[in-house]
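Novice: coordinates only, sequence not included:
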């Protein structure tokens, strides 16, 4: 039988897990003579920039005509309604990111980018909260000073 190999997880073959497709790096050379760092498109050995596939080139040309520099890839997870201005929203985003990565709907690189953005959102929310706390503390100090007089 030609069944897909399962991953080496403790869950074993009964979990129905299949390995992620192998990452194929673009085989084209840059102007500097180094190998392109992009991934191949659709299992090929060429990226969107270097492909000779007429269909992919047509997609790129169409995207550029519509003012895009490259085709936009739909993120393989639903982020509608998530508010990253709150810790709960970031927690929900991270849960969705983990699930999408584990099921292969998004790449590890996309998950890493989402995680970095979530970290910045949390830091911004923390800075805003600290500023609000500092403002309230100043108001309290002023009120106490007025009361002492």
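Specialist: That came through, no problem. In this text the structure is predicted, and so the values were computed from the model without any measurement. Numbering: from 1, shown residues only.
Novice: which residues of the chain score low on pLDDT?
Specialist: 1-23, 42, 67-76 (pLDDT under 70).
Novice: Show me which helix runs longest in it.
Specialist: Counting by DSSP state H, the longest helix found in the chain is helix 108-148.
Novice: packing partners for that helix?
Specialist: helix 87-102 (3 or more Cβ pairs under 8 Å, 6 or more residues apart in numbering; DSSP states H and E). (Glycine included, C-beta is placed from N, CA and C.)
Novice: Return the set of buried residues in the helix it packs on.
Specialist: By neighbour count on 16 or more other Cβ atoms under 10 Å, the buried set for helix 87-102 is 89, 90, 92, 93, 94, 96, 97, 100, 101.
Novice: how does the protein divide into domains?
Specialist: Domain assignment for the chain by automatic domain parsing gives 23-73, 74-149.
Novice: Report the central residue of this structure.
Specialist: residue 110 (3.0 Å; Cα atoms, centre = their mean).
Novice: separation between that one and residue 116?
Specialist: For residue 110, the distance to residue 116 equals 11 Å [Cβ to Cβ, to the nearest Å].
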